[in-house]
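Visitor: Fold the following.
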Amino acid sequence: MPDIRLVALDLDGTLLAPDESISERNRRAIAAALEAGIRVVLVTGRGVDTPIAVSRDLGLNLPVICCHGALTKDFAANRTLVHIPVPLIHAKPMVAFAEENGLGVALYINEAFYRLAGSPIVMDDMRGPGWHEVPSLVGLLGEAPTFIRFLGEASVSAMQANFGDLPLNYRLEHWGAFVECAVLSREASKQAALARLCADFQIPAESVLAVGDSRNDVPMLRWAGIGVAMGNALPEVREAVRYVSASNERDGVALAIERFALRERKSA
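Guide: Numbers count the residues shown, from 1 in each chain. Coordinates of the predicted model:
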């Protein structure tokens, strides 16, 4: 087993319980890792607000990797380290098509989410203060968006049929019966962003423990020296890696940290 120097944690379905709380055992394991000199970083598909709040709550001091890897933010210095947006040449026709055809669509741009005024709220996260309603999303595209979200099966299918051959990164996710697709630059991914951050700290992949639950976590889990899928992950995610922990309702993150990052330090 490699000596773990950095722990990378997904948020939804991983560190966060279904009610978005963090269990006491998860908190203790992360605190023990920090005390042992192990770095801990959050790697999430969310925008910046939640990972920054969670990082501060847990006493983490590394930048956060957000937006499926398209944005890395040093929140302590309020500085964007890496931003890989969707090229406007692709973003503009996609968003215009969505508006013209009444598709469920949202933009993440300038570290905030935007949806069309009057459009339905189809996910709980759309009720947060980081969301804004505007009369036109196309009007926001004076600069390239960090990523685009197509919400609902009909919207995702229409987007894939008309734009699925573009050189972009399509991150399909299922939340129960609901489906969404995040569209990113081809160069944006959790794995690439984590590898870049680790290179900055001269931490090799074999010294990284990564924990996640979704399809977009798999490349990161397979890149890390030890990749652990949550017990609540889809079967295809659990089958893609060697190790599987308990679910996010049963302290799966803590169990992974205790087993793979703290084992030698406890025995010592």
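
Visitor: Looking at the record's assignment, how would you partition the protein?
Guide: Recorded structural domains for the chain (assignment: automatic domain parsing) are 6-83+188-267, 88-185.

Visitor: Generate CSV for the ones you listed, with mean pLDDT and mean neighbour count as supplementary columns.
Guide: In short, each C-beta sits where N, CA and C put it, glycine included. Listed next are these as CSV, based on pLDDT from 0 to 100; neighbours: other Cβ atoms under 10 Å:
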stretch, mean pLDDT, mean neighbour count
domain 6-83+188-267, 96, 20
domain 88-185, 94, 17
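
Visitor: distance between the ends of stretch 241-248?
Guide: Start-to-end span of stretch 241-248 (Cα to Cα, to the nearest Å) is 17 Å.

Visitor: where does the closest residue to residue 70 other than its chain neighbours land in three-state SS?
Guide: In space, residue 70 comes closest to residue 188 once its chain neighbours are excluded; the distance is 3.8 Å by Cβ to Cβ, 6 or more residues apart in numbering. For residue 188, the secondary structure call by DSSP: H, G, I helix; E, B strand; the rest coil comes out as coil.

Visitor: what's near enough to touch residue 188?
Guide: Going by Cβ atoms under 8 Å, 6 or more residues apart in numbering, residue 188 touches 67, 68, 69, 70, 84, 147, 169.

Visitor: Please, where are all the helices along the stretch 1-150 of the chain?
Guide: Taking DSSP state H, counting those that start in this stretch as the criterion, the stretch 1-150 of the chain contains helices spanning 24-35, 49-58, 88-100.

Visitor: other SSEs contacting the longest one?
Guide: What it means is helix 88-100. Packing partners of helix 88-100 (3 or more Cβ pairs under 8 Å, 6 or more residues apart in numbering; DSSP states H and E): strand 105-109, strand 147-151, helix 153-163.

Visitor: Please state the backbone phi and psi of the closest residue in space to residue 167 that isn't next to it in sequence?
Guide: Of all residues not flanking residue 167 in the chain, residue 186 sits nearest, at 5.3 Å (Cβ to Cβ, 6+ apart). Phi and psi for residue 186, reported as degrees, to the nearest 10, are phi -60, psi -30.

Visitor: pLDDT score assigned to residue 186?
Guide: Predicted confidence (pLDDT) at residue 186: the value is 97.

Visitor: residue contacts, it?
Guide: Contacts of residue 186 by Cβ under 8 Å, 6+ apart are 167, 168, 169.

Visitor: what about the first one, distance to residue 89?
Guide: Taking Cβ to Cβ, to the nearest Å as the measure, residue 167 and residue 89 are separated by 10 Å.
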